[in-house]
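>>> For reference, the sequence and a predicted model appear below.
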Amino acid sequence: MAPPVPADRPGGAHWLRAETGRLLEFAARSRHPVAGFGWQDDAGAIDPDRPVELWITCRMTHVFALAVLDGYREHAPLLDHGMAGVQAMRDARSGGWHSAVGPAGPVPGTKEAYAHAFVVLAGASATLAGHPAGPALLGDALEVTTGRFLGPDGLVVDTWDEGFTTLDAYRGVNANMHAVEAFLAAADATGDRAWLDRALVIVERIVHGFAAGNSWRLPEHYDEQWQPLLEYNRESPADPFRPYGATIGHGLEWSRLALHLHHALAADAPAWLVDDARRLFDAAVTDGWDADGATGLVYTVDWTGTPVVHERMHWVAAEATATAATLFAVTGEDRYARWYADWWAWIEEHLVDREQGSWRHELDRHNRPSSTVWAGKPDAYHAVQAVVLPRRPLAVSVAGALTRTPLDGT
């Protein structure tokens, strides 16, 4: 799957393997002493002012399932810890999972499709890693997801109150994107084709519909009738979860997920999945890369493609390399190999933190460390996936890829 890059250069097989171990070493320090995983600061210490959050605990549980599958058996206890942490966040009274837990117990909040998609992902990846609690967690999470969040139109609703009694009118594509990721992983873990069919319904509506109808700049926010809210959060454009405008990293991520789905559906895959993946990638690169006089991919653009939030997010760069690698695997086109090599070189120069560990999570428009949107280094999900995917053949899910023979022979 990996484009041809010298093994010891950024993005090459040996470099990726070494970077995987380095990222996992930093991530291991996120283990919360009570349950789950905490929010890490720039040096790797857990932020004591933040509760344990469901989305981070599930993403890190997924990461340590990937670690186990990748041969890092020393991190198996962290997978155990993550699985216990997810279980500890169950809401025994109302169902689903609490969004956060503090020293005094559950933190009052909401039930979000976004976080619950990561419960599915954690359960699926743990199942593929052979964890004994994986299948039960996956089954429970899928039941909650289909029962509470999957609407009759096949799209995922966004936010319930704590008791699953009142549904917010907001609809968003971020939760749907991670539902697609979760359904792909569920299909890999269970062998059930139905999860691929559900993923295809979402991708067809959002990518082949909403993105294609808006010059491949995907509207993120909608009302309850799925009418786009193009001016949503114009006054707070740098929101970490609901930013104004088109999010460059999501265009890339949707592109990659469409390719995984195309691979999963095999002979039944519609041809437009690859065509749309190309167009999403091209729009993201055209609008996002080197858009303001400095290298890097900006966070968001408006509906003309003009940058709005200029900060460079580590996760956007991670998704860029992973998508370029996947497009190269599917098409064999040299241009994707060139982007892949260029972006890994940029990541090594600007994001990789050789002093404190992991990657700098955010840079400003001059590629200097920043914290406008994100403070600290809260999780390793995007970065670890980026260093894992190019080392294995294209598969249905990231965890599934790690059950295949490494391309680098290690």
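Cool, the structure landed.

>>> Could you use CA atoms for every contact and neighbour count after this?
Will do.

>>> list the contacts for residue 311?
For residue 311, the contact set (CA atoms under 8 Å, 6 or more residues apart in numbering) comprises 298, 299, 362, 363, 364, 365, 370, 372.

>>> residues touching the nearest residue to it once chain neighbours are set aside, list them.
Here the nearest residue to residue 311 in space, its sequence neighbours aside, is residue 364; by CA to CA, 6 or more residues apart in numbering that works out to 4.5 Å. Residue 364 is in contact with 310, 311, 312, 370, counting by CA under 8 Å, 6+ apart.

>>> how close does residue 364 sit to residue 315?
Going from residue 364 to residue 315 by CA to CA, to the nearest Å gives 14 Å.

>>> So what's the residue count around residue 105?
Look at residue 105: counted by other CA atoms under 10 Å, it has 12 neighbours.

>>> which residues does it bridge with?
residue 102 (DSSP bridges).

>>> For it, give me the pLDDT.
pLDDT recorded at residue 105 is 92.

>>> Can you get me a residue count around the residue lying closest to residue 339 once chain neighbours are set aside?
Among residues not flanking residue 339 along the chain, residue 324 sits closest, at 6.6 Å (CA to CA, 6+ apart). Residue 324 has 28 neighbouring residues, counting by other CA under 10 Å.

>>> wait, what's in contact with residue 324?
Counting by CA under 8 Å, 6+ apart, residue 324 touches 336, 337, 339, 340.

>>> so how far is the helix or strand hosting it off the chain centroid?
In the assignment (DSSP states H and E), residue 324 maps to helix 314-331. In terms of CA atoms, centre = their mean, to the nearest Å, the centre of helix 314-331 is found 12 Å from the chain centre.

>>> Check stretch 242-258 too.
Mean-position distance between stretch 242-258 and its chain equals 10 Å (CA atoms, centre = their mean).

>>> Name the next helix or strand following the helix or strand bottoming out on mean pLDDT in the chain along the chain.
Least confident element among the helices and strands of the chain, by mean pLDDT, DSSP states H and E: strand 105-106 (a mean of 93). Under the assignment DSSP H and E, the closest C-terminal helix or strand after strand 105-106 is strand 110-112.

>>> Show the average pLDDT along that next one.
For strand 110-112, the mean pLDDT works out to 98.

>>> how about the contacts of residue 311 in CSV, adding secondary structure and distance to residue 248?
CSV is the format used below for those (DSSP: H, G, I helix; E, B strand; the rest coil; distance: CA to CA, whole Å):
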residue, secondary structure, distance to residue 248
298, coil, 7
299, coil, 6
362, strand, 14
363, strand, 15
364, coil, 16
365, coil, 15
370, coil, 18
372, coil, 17
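
>>> Neighbour-wise, which one of those residues leads?
Busiest of the contacts of residue 311 [other CA under 10 Å] is residue 298, holding 31 neighbours.

>>> so how far is residue 249 from it?
As for residue 298, its distance to residue 249 is 9 Å (criterion: CA to CA).

>>> ok, and for stretch 4-15, which residues are buried?
5, 10, 11, 12, 13, 14, 15 (16 or more other CA atoms under 10 Å).

>>> Output the residues you listed as CSV; include the columns distance to residue 226, secondary structure and pLDDT.
Below are the buried residues of stretch 4-15 laid out as CSV (distance: CA to CA, whole Å; DSSP: H, G, I helix; E, B strand; the rest coil; pLDDT from 0 to 100):
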residue, distance to residue 226, secondary structure, pLDDT
5, 43, coil, 91
10, 42, coil, 97
11, 39, coil, 97
12, 42, coil, 97
13, 43, helix, 96
14, 46, helix, 97
15, 44, helix, 98
